[in-house]
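Peer 1: got a sequence here, can you model it:
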Amino acid sequence: MIESGARRREIDEVASGLFHANGYSATSVRDIAKALDIQGASLYAHVASKEDLLWTIVDRAATDFEAAADRAIADTPNADAVERLAALVEAHVEVVTADPERSSVFVTEWRHLSPDRRAAIAARRDAYEARFRETIADGQAVGAFRATDPAIAATFILTALNGIATWYRPDGRLSPDRIADHYVELALRSLSEDHR
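Peer 2: Residues are numbered from 1 along each chain as shown. This next block holds a predicted model:
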């Protein structure tokens, strides 16, 4: 018999895979139960609703991104803005490549949450993005980055980073570290004065 916590993790992983592949709206509770080889009613012994599954997936992904960014900043306490931005980009790549399906669900499906939950995630996403905006603004203040709108620059970088979840495969030709190297180079070049 599968332990309850292990069963819930399995349910979350299956739901994440289906939400990633088909979208939240196109995935039914019956689809999730079928993929788990259980009856739909049995699924409700572990989860209250399909939205609760989405909430768990999105909340866990948000926590992973936040923790990785916090570690990146804590690990570079005396770093300049260029080094901090590089660390933030590397941390983001690490989270996306560790679980691309969950990352994809976080990026694309969170808008299906109920209004209160959606607002909570939106606030967390804004706070996360602020780390990038502030780092970019710090770099601009000392001439390390060219003058541009820090919010647009942060959105540009995060959009590129989030796109990794759509194509990354663990058995692909590039390791997560090599992907991070490329994305750091591209992010820093996009903000440099001489990037032609």
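
Peer 1: for this structure, give me the ranges with low pLDDT.
Peer 2: Under the criterion of pLDDT under 70, the regions of the chain flagged as low confidence span 1-4, 193-196.

Peer 1: where do the helices of it begin and end?
Peer 2: Under the criterion DSSP state H, helices of the chain are mapped to 4-22, 29-36, 40-43, 50-74, 81-98, 100-109, 115-141, 150-167, 176-191.

Peer 1: turn these into TSV, columns for mean neighbour count.
Peer 2: C-beta coordinates here come from the backbone N, C-alpha and C atoms, glycine included. Rendered in TSV, the data for those read as follows (neighbours: other C-beta atoms under 10 Å):
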stretch	mean neighbour count
helix 4-22	17
helix 29-36	16
helix 40-43	14
helix 50-74	18
helix 81-98	22
helix 100-109	22
helix 115-141	16
helix 150-167	17
helix 176-191	16
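
Peer 1: so what's S25 closest to, chain neighbours aside?
Peer 2: Of all residues beyond its chain neighbours, the one nearest S25 is H112 (6.6 Å), with distances taken as C-beta to C-beta, 6 or more residues apart in numbering.

Peer 1: enumerate every residue touching the one residue sitting closest to the centre of the chain.
Peer 2: When the chain is reduced to its mean C-alpha position, the closest residue under C-alpha atoms, centre = their mean turns out to be S103, at 4.2 Å. Taking C-beta atoms under 8 Å, 6 or more residues apart in numbering as the contact definition, S103 lies against 61, 95-96, 162, 164-165.

Peer 1: out of these, who's nearest R118?
Peer 2: Nearest to R118 out of the contacts of S103 is A61 (C-beta to C-beta; 14.4 Å).

Peer 1: pretty sure the closest one sits against T108.
Peer 2: No. The criterion here is C-beta atoms under 8 Å, and A61 misses it with T108 at 11.2 Å.

Peer 1: how near is the closest residue to L186 other than its chain neighbours to V89?
Peer 2: By the measure of C-beta to C-beta, 6+ apart, the closest residue to L186 outside its immediate chain neighbours is A160, 7.2 Å from it. Look at A160 and V89: by C-beta to C-beta, to the nearest Å, they are 9 Å apart.

Peer 1: where do the contact lists of these two overlap?
Peer 2: Common neighbours of A160 and V89 (C-beta under 8 Å, 6+ apart) are 183, 187.

Peer 1: distance of the residue nearest to the centre of the chain from E94?
Peer 2: Note on S103: its distance to E94, by C-beta to C-beta, is 11 Å.

Peer 1: cool, Q39 as well?
Peer 2: 38 Å.

Peer 1: do the same with K50
Peer 2: K50 sits at a distance of 29 Å from E94 (criterion: C-beta to C-beta).

Peer 1: assess the claim that F145 and S192 are in contact.
Peer 2: Yes. Using C-beta under 8 Å, F145 makes contact with S192 at a distance of 7.0 Å.
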